[in-house]
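Novice: return atomic coordinates for the entry below.
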Amino acid sequence: MALDPKLLDIVACPVCKGRLNYDKSKQELVCRFDRLAYPLEEGIPVLLENRARHLPLEELNP
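Specialist: Just a heads-up that it's a prediction; the model follows:
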């Protein structure tokens, strides 16, 4: 299921309120500042800090 591009204009990281980037291959919304990746479930972002995946620095700098 695809993410509506308009959604990226209105959602924000629940921790820092910063911009989220969409990682299509992993179906995640990524906050580079907090190094958190929020999952998408059936095209719906799960913006809960306890459900986010912590990103290693190597994953942010490909």
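Novice: so what's the closest residue to L29 other than its chain neighbours up against?
Specialist: In space, and not counting its chain neighbours, L29 is closest to L20: 4.1 Å by CB to CB, 6 or more residues apart in numbering. The C-beta positions use only the backbone N, C-alpha and C, and glycine is treated the same way. L20 is in contact with 8, 11-13, 29-31, 38, 45, counting by CB atoms under 8 Å, 6 or more residues apart in numbering.
Novice: give me the buried entries from the residues you listed.
Specialist: Applying 16 or more other CB atoms under 10 Å to the contacts of L20, the neighbour count classes 11, 13, 29-31, 38, 45 as buried.
Novice: what does whatever helix or strand Y22 lives in rub up against?
Specialist: Element membership for Y22, per DSSP states H and E: strand 21-23. Residues from elsewhere that reach strand 21-23, judged by CB under 8 Å, 6+ apart: 3, 8, 28-32, 37.
Novice: same check, this time on stretch 28-35
Specialist: 8, 11, 13, 15-16, 18-23, 36-40, 45, 47, 53-57, 60.
Novice: among the contacts of L20, which are located in strands?
Specialist: 29-31, 38, 45 (DSSP state E).
Novice: report the beta-bridge partners for the residue nearest to the spatial centre of the chain.
Specialist: With distances taken as CA atoms, centre = their mean, L29 lies nearest the centre of the chain, 1.7 Å away. Counting by DSSP bridges, L29 forms beta bridges with Y22, Y38.
Novice: now render the buried ones among the contacts of L20 as a markdown table, adding pLDDT.
Specialist: What follows is the buried ones among the contacts of L20, written out as a markdown table (pLDDT from 0 to 100):
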| residue | pLDDT |
| --- | --- |
| V11 | 94 |
| C13 | 97 |
| L29 | 96 |
| V30 | 96 |
| C31 | 97 |
| Y38 | 98 |
| P45 | 93 |
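Novice: quick one: contacts for the residue nearest to C31 when sequence neighbours are not counted?
Specialist: Among residues not flanking C31 along the chain, C13 sits closest, at 3.9 Å (CB to CB, 6+ apart). By CB under 8 Å, 6+ apart, the contact list for C13 reads 19-20, 31, 33-34, 36, 38, 47.
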